[in-house]
Structure formats: structure tokens, C-alpha cells
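**Q** predicted coordinates and the sequence they were generated for:
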Amino acid sequence: MTITNDASAPAVDPDDIDFSNLDVFVDRCPHDWFTYLRENAPVWKNKATPESGDEPFWNVTSYELITEVHRAGTLYSHQTGPGRNGAGGISLTDQAAERGPGLQMVMTDPPKHTTYRKLVNSGFTPRMVRRLEDAFRLRTTALLDEVTPRGECDFVTSIAAELPLMAIAEIVGVPQEDRDKLLDWSNRTIGGADEEYQSSPSADGDFSDSESAMVEMAMYAHELTDRKRAEPADDLWTRLTEAVVTMEDGSRHELSEIERDLFFTLLIIAGNETTRNSISKGMMAFFDHPDQWQRWLTEPEALAATMVDEVLRFTSPVNYFRRTATQDTVLGGVEIKGGEKVLLWYPSGNRDQAEFGPTADQFDIGRTPNHHMAFGAGGAHFCLGANLARLEIKILFEELAKRCPDIRPTGPAERLRMNLVDGIKHLPVAFTPSPALL
């Protein structure tokens, strides 16, 4: 049973390509389009649609050119560009200036991004992440204990979603009993166009829960800050309530209240969604490549590092990040005007044969070298949580190999109606029942 649903189509009509069409992503990750564009137009302009804010936008699909944009500094802004009055950000449609651009770390450019990163990176060093390994393994054992006696479950909701929530709650200092709130906020924010995650459709058919979830997260972050100031603990949020960084010019900086609140929303959404989908799609990749699952069962210690990187490459949980050109420029021989939107498609870069050779479309857990771009493609915005994500993926698949070696799908995956992330909502699985260990 092939369940990844992303096999390349035999032919592509370029007139059919529209990356703003969310219904396409309910059906598949469009690797057929990516392959066509890499070969024929690696910098390609999508027509304007209502879903794109009635603007055309550029799409970059080759490994080489995505890397070039990443390393071009502020030529391609995470924040804004000419003619946008401070609006912009990393999604296809503009975020208003007061809603994140220039305030939330992922939507800032150097030098502000550099300052921001120095303030928050102490919670994500390899040493800090290693300290959490025993806790993560214990929590993984506990969550598998909930499902192994039954012999079946929804892999996404029962397994893949739980460990990232536990991990981010542990690091940030959110009480574990609040992790269901984190899941709800994350689902409603990312699932803004998917009816399953919405509770209040408006009269015109649009949904408003995404915005209300963002407000609820910000309010919770504010309360959490007050709590950590009154009762400090050994966690990231306590550090951020008192963090001050001194820059090379001698200036001292700390996070404002709104910057701290917006950083909380970034942590919850990015820390949960990306790892959840890497794990879910990684399991799907193993289902579609049973020889690789048998290889993993046989050599987990030898293959742990390369397995994790191949899961990340093959799944590419973030579909794209948008940039905005800050001046007229040329990319891949194509002229781009200042202020135009540029989308970088990481699943395409991660299947580019120019970088990964003739086996780029194959899942190979021993692949080396593997310079994937699941965490970015160089430059200042390399993923802050890369070490954390790697650890979570490693532990979960190690424990699954021990507890559920005959895990198998019992139906197709259900995909999220979203193009920013390649999301999986449900994946029914079965395995031989076994008793809980704790």
C-alpha cells in the first residue's frame, strides 16, 4: 500500500501549476510540479490569485538557487520589501507590520535577527538538548504504553504529535498538563484553511480561529512570564524573562513584551508542527520502503544519524518560506523586481538530482553525504531547534523499532489543507499488541 501519495506524474502541463491552490496539497506534495520546474524553469512566476493576495509570486525550486537566496543576506528579506509599508513575513500573503514582521524572530533580518538569536539560543545548545535525552526517552516509553496494549492507533494523534508537545513543554517550562492547549493552538493556527481544526466558520466561509489561537497563545505567554518572574525555574522561559545580551558595539538588548509573546507562538507552532510531520511522514516513508524499515530494525545503532537526516530530507516538513526582494536583482538568469515575493520550495531542493544524484527520489536511511535543507539552506536563519528535532526523531524511531517492529498502515494518510507545511492529520496503523512497560 503506497500511502505517501507523492509519486511524480508522467506529464505536467505548466498551465496547471498553481502553488496557491490549497486543494492540491490535500491530495499530495506536488513533486511532479517540482521536477518539471527544476528541469525547465527553476525560477518561475505563479499567476496572481486571491489566495496569493492578488499578486504574482516567484517560485525557486533548485537546490543551488534556494541556497543562493539563503546566503544572499538582506537582498531577500524575511521581513518586508519596497512598497509594502512594513508588511511581509514568511508566508505567501502579507502579515501586517504589527503582527510579526520585524518583531518575531523568523520574520526579522540581521542585525536585529542576530541580536534576537543571541538572546534565545541558550535553550537550544547541544549540551542543553543532551540533558533532556533521558526525559524524552521516558516520555516516549509512556506514550507508547498508552497504545501498545491496543495493537492499533492513529499514529499522528497518539504518537507523532505527543513527543514534540512534551519536548517543547519541557524546554519552555510549560506545565505538562497544559500540553493539550499547545496542541489546540498549533492545530488551529496552522490549520487555518482546514475545517477539521476550526470551530467557528464565518458567514463568508473564511475561518477566524487562526487569529483567536494566536491571541490566546500571546495571552498565555504573558501569564507565563509573570509566573516565571515570581517563581523562577531551570527552563527557557525563566531565562528569557531576564535575558540581556551585550553586542560587539557595547549596546545591551533584551526582549520586549511583544517580542517575547510572539516568540512563544513561534516556539509552539514550529516546535510542534515540523517535528510532528517529520515523524509522521518518516513513518509513511518507511511503510512505502519496507526494505529500509527492515534495515533500521537490523542496524539501529549504526544507522541512527543517517536515518534521522534522511527522514528530514525525504519528508521536508516545511514546504516553503517566503522572502521579499529588497531591490531589483537577477536569480538564475531571471529578473526579479524589488518588493516582489519569492518562495523557496525545500521539498524540491531536497529531491534535486544535481545535489543528491540519481537516487534523489529514493528513501535511503544510509545516505551520506546528506546536505539536506530541512533546517534551511545556510545563512543566518538556520533552524534554532535542529538539535532538538534530531533527538526527538532518533528516540521515537528507536523505541518504535523495539516496541512495534511489525507496525503497518491500515488505511491512507489524511493530509492538511495547507501549503506552508506538509501536514499529516491522521494515519491509522496496527501492530502486534504488547504490554505497557511502566
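**A** In hand now; what should we look at? Numbering: from 1, shown residues only.

**Q** I figured Phe286 hits Trp296, correct?
**A** Yes: the criterion here is CB atoms under 8 Å, and Phe286 meets it with Trp296 at 7.1 Å. Quick note: C-beta positions are derived from backbone N, CA and C, even for glycine.

**Q** now the end-to-end length of stretch 396-413.
**A** Distance across stretch 396-413, first residue to last, is 19 Å (CA to CA, to the nearest Å).

**Q** now stretch 366-377
**A** So stretch 366-377: terminal residues 21 Å apart, CA to CA.

**Q** now do it: distance to the chain's middle.
**A** 15 Å (CA atoms, centre = their mean, to the nearest Å).

**Q** then stretch 161-177?
**A** 17 Å.

**Q** which of the residues in that stretch are buried?
**A** 161-174 (16 or more other CB atoms under 10 Å).

**Q** tell me which of Phe286 and Trp296 has more neighbours.
**A** A direct count of neighbours by other CB atoms under 10 Å for Phe286 and Trp296 places Phe286 higher, at 25 against 20.

**Q** residues in contact with Gly349?
**A** Going by CB atoms under 8 Å, 6 or more residues apart in numbering, Gly349 touches Thr61, Ser62, Tyr63, Ile66, Thr67, Glu355, Met373, Ala377.

**Q** report the lowest-confidence entry in those residues.
**A** Least confident of the contacts of Gly349 in the model: Ala377, at 86.

**Q** just list the residues touching the closest residue to it other than its chain neighbours, thanks.
**A** Spatial nearest neighbour of Ala377, chain neighbours left out: His70 (4.0 Å); criterion: CB to CB, 6 or more residues apart in numbering. Residues near His70 by CB under 8 Å, 6+ apart: Leu344, Gly376, Ala377, Gly378, Gly379, His381.

**Q** give me the buried entries from those.
**A** By 16+ other CB under 10 Å, the contacts of His70 give Leu344, Gly376, Ala377, His381 as buried.

**Q** what is the nearest of those residues to Arg417?
**A** Of all the buried ones among the contacts of His70, Arg417 sits closest to Leu344, with 21.4 Å by CB to CB.

**Q** give me the contact list for the helix or strand hosting that closest one.
**A** Using DSSP states H and E, Leu344 falls within strand 341-345. Counting contacts by CB under 8 Å, 6+ apart, the residues outside strand 341-345 that touch it are 19, 34, 52, 55, 57-61, 66, 69-70, 76, 92, 319-325, 331, 336, 377.

**Q** those in helices, which ones?
**A** Phe34, Ile66, Val69, His70 (DSSP state H).

**Q** reformat these as CSV; add distance to Gly88.
**A** As requested, those are arranged in CSV below (distance: CB to CB, whole Å):
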residue, distance to Gly88
Phe34, 25
Ile66, 19
Val69, 15
His70, 17
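
**Q** closest to His426 out of those?
**A** Looking across the ones in helices among the contacts of strand 341-345 and measuring by CB to CB, the closest to His426 is Phe34, at 25.0 Å.

**Q** tell me which residue is most central in this structure.
**A** For the chain, the residue nearest the mean C-alpha position is Thr274 (3.1 Å; CA atoms, centre = their mean).

**Q** so is that one in a helix, a strand, or just coil?
**A** helix (DSSP: H, G, I helix; E, B strand; the rest coil).

**Q** who are the contact partners of the nearest residue to it once chain neighbours are set aside?
**A** Nearest non-adjacent residue to Thr274, counting by CB to CB, 6+ apart: Pro317, 4.5 Å away. By CB under 8 Å, 6+ apart, the residues touching Pro317 are Glu273, Thr274, Thr275, Asn277, Ser278, Lys281, Ala374, Val421, Asp422.

**Q** ok, the second one touching Arg390?
**A** This means Thr274. No: contact criterion CB under 8 Å: Thr274 and Arg390 do not qualify, at 11.7 Å.

**Q** any idea how far the residue lying closest to Thr359 once chain neighbours are set aside is from Leu65?
**A** Leaving aside its sequence neighbours, Thr359 sits nearest to Arg367 (CB to CB, 6+ apart; 7.7 Å). Distance check for Arg367 against Leu65: by CB to CB, to the nearest Å, it reads 22 Å.

**Q** in the stretch 151-300 of the chain, where is pLDDT below threshold?
**A** 192, 198-208, 247-248 (pLDDT under 70).

**Q** quick one: the strands in it?
**A** Along the stretch 151-300 of the chain, the segments classed as strands by DSSP state E, counting those that start in this stretch run 152-154, 245-246, 252-253.

**Q** just send those strands back as a markdown table, with distance to Asp209 and mean neighbour count too.
**A** Output for the strands of the stretch 151-300 of the chain, formatted as a markdown table (distance: least, CB to CB, whole Å; neighbours: other CB atoms under 10 Å):
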| stretch | distance to Asp209 | mean neighbour count |
| --- | --- | --- |
| strand 152-154 | 22 | 17 |
| strand 245-246 | 36 | 14 |
| strand 252-253 | 34 | 12 |
